[in-house]
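Peer 1: below is the structure, and that's it, no one-letter string:
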């Protein structure tokens, strides 16, 4: 009995530490998007249509790692002359934790001309690890797996933009650089976005007040400088991406909103 009393504290400590819950996920307030949202875009070089793009939040909550998630798919399809020259049929997707607004799984199905790439990235935020699985181009069966350490609350290329939609820009000063850590192509990188302020924007759907953002691009052979891209979000509770303009080394491409459905808070248009 005395022996039991002597070791009971150690037994209790072991039990509590061995079976204690995992580190809690953060909680991010999101009143901007929800299940069922669908955004459709026109992609063009000047007056020449190049592609269509669609961003879809599935109409039901999905589960990954035992957590409720928004399933988001981004589709890009070439049209017209561009479809004849280089056919594009891309699908980028992510499962975004509904509370923490971080990804549990990211995937890419890329078909551009003869180029093919299929991959899945599974995120384990408890162990801070990302597991990338490359799929065979023909069978789409797993071919190669790689593991990498990632920081807390890491984002992927799609979830990062949805996280930006949850931010309260009324509390951010013009010129502020928003820093996110992201994981893409088996590498961690800094995803920095500068807040440029607000302006009005006329679209096919009407005139909107907007929030203007500028992703800071690393040196590359495609875009014309680190400030080559600008993004306009609706300055309302939805923060819907309305327009993206990218200056390329040769010319510029624009992505303009064409249709909005399933918006969480309706679509307030100025005129």
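Peer 2: Arrived safely. Just so you know, these numbers come straight off a predicted model, no measurement behind them.

Peer 1: from now on I want contacts and neighbour counts done on CA atoms only, so please keep to that.
Peer 2: Fine.

Peer 1: from the contact counts, what lies against the longest strand along the chain?
Peer 2: In the chain, with assignment by DSSP state E, the single longest strand is strand 187-203. Packing partners of strand 187-203 (3 or more CA pairs under 8 Å, 6 or more residues apart in numbering; DSSP states H and E): strand 177-184, strand 206-215.

Peer 1: verify the stated contact: residue 166 with residue 34.
Peer 2: No. Judged on CA atoms under 8 Å, residue 166 makes no contact with residue 34 at a distance of 11.3 Å.

Peer 1: now the longest strand of the chain against strand 206-215, angle please.
Peer 2: 160 degrees (axes from the mean of the first three to the mean of the last three CA atoms, to 10 degrees).

Peer 1: would you mark the buried spots in stretch 39-46?
Peer 2: For stretch 39-46, the neighbour count (16 or more other CA atoms under 10 Å) marks 39, 40, 41, 42, 43, 44 as buried.

Peer 1: Throw these into CSV and include distance to residue 254, thanks.
Peer 2: Shown next, in CSV, are those (distance: CA to CA, whole Å):
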residue, distance to residue 254
39, 15
40, 13
41, 10
42, 8
43, 6
44, 6
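
Peer 1: mind putting those into a markdown table with secondary structure?
Peer 2: Converted to a markdown table, the buried residues of stretch 39-46 look like this (DSSP: H, G, I helix; E, B strand; the rest coil):
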| residue | secondary structure |
| --- | --- |
| 39 | strand |
| 40 | strand |
| 41 | strand |
| 42 | strand |
| 43 | strand |
| 44 | strand |
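
Peer 1: in a markdown table: the residues you listed, plus distance to residue 142 and pLDDT.
Peer 2: Putting those into a markdown table (distance: CA to CA, whole Å; pLDDT from 0 to 100) gives the following:
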| residue | distance to residue 142 | pLDDT |
| --- | --- | --- |
| 39 | 32 | 97 |
| 40 | 32 | 97 |
| 41 | 33 | 97 |
| 42 | 34 | 96 |
| 43 | 33 | 95 |
| 44 | 35 | 93 |
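
Peer 1: residues contacting residue 73?
Peer 2: 54, 55, 56, 57, 58, 91, 92, 93, 94 (CA atoms under 8 Å, 6 or more residues apart in numbering).

Peer 1: where along this protein do the helices fall?
Peer 2: Using DSSP state H, the helices of the chain run over residues 2-18, 80-85, 159-164.

Peer 1: lowest-confidence stretch among those?
Peer 2: Ranked by mean pLDDT, the helices of the chain end with helix 2-18 at the bottom, a mean of 45.

Peer 1: just the pLDDT at residue 190, thanks.
Peer 2: 89.

Peer 1: same check, this time on residue 48
Peer 2: So residue 48 comes in at 89 (pLDDT).

Peer 1: what's the answer for residue 181, then?
Peer 2: Taking residue 181 on its own, its pLDDT is 95.

Peer 1: how close does residue 68 sit to residue 56?
Peer 2: 17 Å (CA to CA, to the nearest Å).

Peer 1: more neighbours: the two, which one.
Peer 2: The neighbour comparison of residue 68 against residue 56 (other CA atoms under 10 Å) goes to residue 56, with 20 against 17.

Peer 1: is the more buried one in contact with residue 76, as I believe?
Peer 2: No. Shown here, residue 56 and residue 76 do not form a contact pair, counting by CA under 8 Å, at 11.7 Å.
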